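S.K.: Got a predicted structure here, sequence first:
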Amino acid sequence: MIHRAFLGSIERFIAILIENTNGNLPIWLLKIQLVIIPIKKKNYKYSKNIFFYLIKKGIKCIIDNNKYDLNKKIKKYEKNKIPFIFIIGDNEEKKKKISMRINNKIKILKKEKALSYVLKKNINI
């Protein structure tokens with residue numbers, strides 16, 4: 001009997017990667033790197049501007065505009081190990097800031113600083 005495993009080494013590599021990082025894969029390897037959550041419908045335009053900027057810069061992101069509770073959305077994305085979550089509300093829009101959740105830690109930064117932080121993290125990893 002002849003045995004060949006074309007994908008055996010790839011499977012072992014992925015298993016070792018997941019095991020050693022506890023599921024927190026490198027940012028460049030993720031299907032979704034960042035999620036933008038507008039709190040209200042009127043915050044969607046500001047969120048969309050951020051979204052298109054990040055897409056142009058090569059960040060894989062989505063806007064979650066469904067009607068679920070904000071806490072449920074955050075728990076969902078933290079469970080899926082999405083490293084960056086942007087929460088956009090009225091205060092963030094007025095002050096041109098972004099409320100960021102980075103691996104379960106909250107930071108409120110100016111828009112430019114938050115975007116450059118995400119871009120730098122995506123390039124460095």
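M.R.: Received the coordinates, thanks.

S.K.: For the rest of this, base every contact and every neighbour count on C-alpha atoms.
M.R.: Will do.

S.K.: how close does the residue nearest to the spatial centre of the chain get to Ala15?
M.R.: For the chain, Leu34 is the residue whose C-alpha lies nearest the centre (CA atoms, centre = their mean; 1.9 Å). The gap separating Leu34 from Ala15 is 24 Å, by CA to CA, to the nearest Å.

S.K.: where in this protein is pLDDT low?
M.R.: Residue ranges of the chain with pLDDT under 70: 1-8, 123-125.

S.K.: where exactly do the strands run in it?
M.R.: With DSSP state E, the ranges of strands along the chain come out as 34-38, 61-63, 84-88, 97-102, 105-110.

S.K.: which outside residues touch the third one?
M.R.: The set of residues that contact strand 84-88 without belonging to it, under CA atoms under 8 Å, 6 or more residues apart in numbering, is 33-39, 43, 46-47, 74, 77, 98-103, 118.

S.K.: Buried by neighbour count, from the residues you listed: which ones?
M.R.: The neighbour-count test (16 or more other CA atoms under 10 Å) marks 33-39, 43, 46-47, 74, 77, 98-102, 118 as buried among these.

S.K.: ok, the closest residue to Lys111 other than its chain neighbours - how many residues close by?
M.R.: Using CA to CA, 6 or more residues apart in numbering and skipping residues adjacent in sequence, the residue nearest Lys111 is Lys97, 4.6 Å away. The tally of other residues near Lys97 (other CA atoms under 10 Å) stands at 19.
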